[in-house]
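Colleague: fold the following for me, if possible:
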Amino acid sequence: MTDRLLFECKLLRKERNDLTTILKTDVWPTSKPKLIKKHFKAFSKFTNAILRDKLTNPKPNGDS
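Modeller: Presented below is the predicted three-dimensional model:
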């Protein structure tokens, strides 16, 4: 589930793009341990940007 949210979920495209922009020096997708260890601040910002409502009540034409 977390892999899907982090790497694939269309509802989180903007947040993922923001995260990958911050990780300019690394190739995306990167491993989760590396992401958390090396880029904790950016990863934390990504996870905090995810609105629970966005995932539990997606728009009718969005990807859940």
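Colleague: quick one: the helices in this protein, in order.
Modeller: Under the criterion DSSP state H, the chain carries helices at the ranges 2-7, 13-22, 32-38, 40-49, 52-56.
Colleague: now the chain, which segments are flagged as low pLDDT?
Modeller: For the chain, the stretches with pLDDT under 70 are 1, 25, 51-53, 55, 58-64.
Colleague: hmm, Phe7 and Pro29 touching each other?
Modeller: Yes - when contacts are counted by Cβ atoms under 8 Å, Pro29 is listed as touching Phe7 (5.2 Å). No exception for glycine: its C-beta is placed from N, CA and C like everyone else's.
Colleague: number of nearby residues for Leu35?
Modeller: By other Cβ atoms under 10 Å, the residues close to Leu35 number 19.
Colleague: how about it: what's its closest non-neighbour residue?
Modeller: Phe43 (5.3 Å; Cβ to Cβ, 6 or more residues apart in numbering).
Colleague: thinking the one you found is in contact with Ile36, fair?
Modeller: Yes - judged on Cβ under 8 Å, Phe43 makes contact with Ile36 at a distance of 5.6 Å.
Colleague: so the two - more neighbours on which side?
Modeller: A direct count of neighbours by other Cβ under 10 Å for Phe43 and Ile36 places Phe43 higher, at 19 against 12.
Colleague: and that one, how far from Leu11?
Modeller: Distance of Phe43 to Leu11, given as Cβ to Cβ, to the nearest Å: 18 Å.
Colleague: cool, Lys24 as well?
Modeller: 24 Å.
Colleague: neighbour count winner among the two?
Modeller: Under the criterion of other Cβ under 10 Å, the comparison of Lys24 against Leu11 puts Leu11 first, with 17 against 7.
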